[in-house]
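S.K.: Just to be clear, the model below is a prediction. Sequence and coordinates:
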Amino acid sequence: MTRFALPALLTLLFAGCAAAGYATDNTREAYVDKHDPPAQTTSAILAGRVIEGMTAEEVRAALGTPDAVNTTYSQGRSRLQLVYRSSVNRYNEGYVYVTDGEVTAWQNLHKVPRLGYYQ
């Protein structure tokens, strides 16, 4: 019996690690219930997609935790680049750009399989 317990435990442990930071229907619903964003933003979060005007926090609720965040400051403005990477091919990256606290653009999100809406 113990011979099977360790592999099963390791499988559960690594499965949990792989899912960490991913947005799920449950985490999206919990965010919306707690923060009550505007209707259009609520719809986007629940669908797992990004729209202009979202905050970085709302993007995280919709898409999950980014793999990297790059920050730049220029001419008194701050800009975040939220980077989402494919777990299959680490060179496939999608980006969400947040300028002065609001989403202004995104690109290549279709290259990241875990972001199913963009497939």
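M.R.: Looks like it came in fine. Numbering: from 1, shown residues only.
S.K.: what ranges do the strands span in the protein?
M.R.: 68-74, 77-85, 93-99, 102-107 (DSSP state E).
S.K.: So which of those is the most surrounded?
M.R.: Highest mean neighbour count of the strands of the chain: strand 93-99, a mean of 19 (counted as mean count of other Cβ atoms under 10 Å). Bear in mind the C-beta positions are built from the backbone N, C-alpha and C, glycine included.
S.K.: related to what we said a few turns ago, can you say which of the strands of the chain is nearest to residue 54?
M.R.: strand 102-107 (4.4 Å; Cβ to Cβ).
S.K.: So what touches that closest one?
M.R.: The contact list for strand 102-107 (Cβ atoms under 8 Å, 6 or more residues apart in numbering) reads 50-56, 59, 94-98.
S.K.: what about 10 Å?
M.R.: Strand 102-107 is touched from outside by 41, 44, 49-56, 58-59, 62-63, 79-82, 84, 93-99, 118, with contacts defined as Cβ atoms under 10 Å, 6 or more residues apart in numbering.
S.K.: Parallel or antiparallel, which strands does it pair with?
M.R.: With DSSP bridges as the test, strand 102-107 is paired with strand 93-99 (antiparallel).
S.K.: and the strand it pairs with, average pLDDT?
M.R.: Averaged over strand 93-99, pLDDT sits at 97.
S.K.: and if you look at stretch 105-119?
M.R.: Stretch 105-119 comes out at a mean pLDDT of 88.
S.K.: ok, now stretch 36-53?
M.R.: 97.
S.K.: and the end-to-end length of it?
M.R.: Terminal residues of stretch 36-53 lie 15 Å apart, using Cα to Cα, to the nearest Å.
S.K.: Would you agree residue 45 is in contact with residue 36?
M.R.: No. Counting by Cβ atoms under 10 Å, residue 45 does not reach residue 36; the two are 11.1 Å apart.
S.K.: More neighbours: which of the two?
M.R.: residue 45 (26 against 10; other Cβ atoms under 10 Å).
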